[in-house]
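A.B. asks: Quick one: sequence plus predicted model below, questions after.
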Amino acid sequence: MAPAEPERGVAGRSVATVTRTGAGHPSAGRLLAGQVRYALTGLGRERLPAFFAVVFPGILLVLFPAVLPPQTVHGMSMADAMLPGMMAYAVAVAGYVNLPEAVAQARGAGVLKRLRGTPLPPWSYLLGRLVSGLVVAAVAAIVLIGLAVLVNDYRVDADRLPAVAVGVLVTGVCFGSLGLLLLTLMPTARSVTAITLGTLVPLSFISDVFYVGGECRGRCR
């Protein structure tokens, strides 16, 4: 008995062909976009990591020049000199602190282990987390520049904005990669946060992200 031919669809293709096409694996771009949305949704629900990466640097950028005596740092006003430092701090918090902490929490909850039984490749999950960290870093940079312009009378040189964008991107990838590398050595989310914050804060003072002292203009009290 000859096998029955598959039923023909309206467009002339067999039903079997349509079924195979519809049941195909999602593209890499869709997988990555889904993981980025998932990570950003988690940040929106927790809010504390986003606060320390976006809001807290903005508060420092506005508060320090307002309460400290007028002074210059490397020939610039403190308000202008703090802008790149706060941008670097925001990118570091997003990539070096928040990113490994989120992945460590997922690892502790068994999420990463359960992902092994799904079609989602591990690189998609990790890259989605990294891209979400870059999105937070970019938002922080935009917020900080806006605050500097509105509150500290900062003048933006539009010709240098592409270089700023590249700097945020490269710095975010470096901090995120370093955070994920550190994650492989730490057993729990609590230990990861202790190490990342315990190293980031001292380095922020050593590298002039937070300025200690300056050249006074007028009287220093």
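C.D. replies: Thanks, I have it.

A.B. asks: quick one: contacts for Gly179?
C.D. replies: Counting by C-beta atoms under 8 Å, 6 or more residues apart in numbering, Gly179 touches Gly95, Tyr96, Val97, Leu99, Pro100, Thr196. (Glycine included, C-beta is placed from N, CA and C.)

A.B. asks: Check which residues of stretch 60-73 are buried.
C.D. replies: Leu60, Leu61, Val62, Pro65, Gln71, Val73 (16 or more other C-beta atoms under 10 Å).

A.B. asks: sorry, back to before: between the contacts of Gly179, which has the most around it?
C.D. replies: In terms of neighbour count, Leu99 stands highest of the contacts of Gly179 at 30 neighbours, by other C-beta atoms under 10 Å.

A.B. asks: Would you check how far apart that residue and Phe205 are?
C.D. replies: As judged by C-beta to C-beta, to the nearest Å, Leu99 and Phe205 stand 22 Å apart.

A.B. asks: Neighbours of Val168, how many?
C.D. replies: Neighbourhood size, Val168 [other C-beta under 10 Å]: 21.

A.B. asks: Show the model's pLDDT score for it.
C.D. replies: pLDDT recorded at Val168 is 95.

A.B. asks: again, but for the one 5 residues further on
C.D. replies: Looking at Val173, its pLDDT stands at 95.

A.B. asks: so what's Val93 up against?
C.D. replies: Val93 makes contact with Pro49, Phe52, Ala53, Phe56, Pro57, Leu200, according to C-beta under 8 Å, 6+ apart.

A.B. asks: If we only consider those residues, which is nearest to Arg114?
C.D. replies: Distance to Arg114 across the contacts of Val93 (C-beta to C-beta) is lowest for Pro49, with 22.7 Å.
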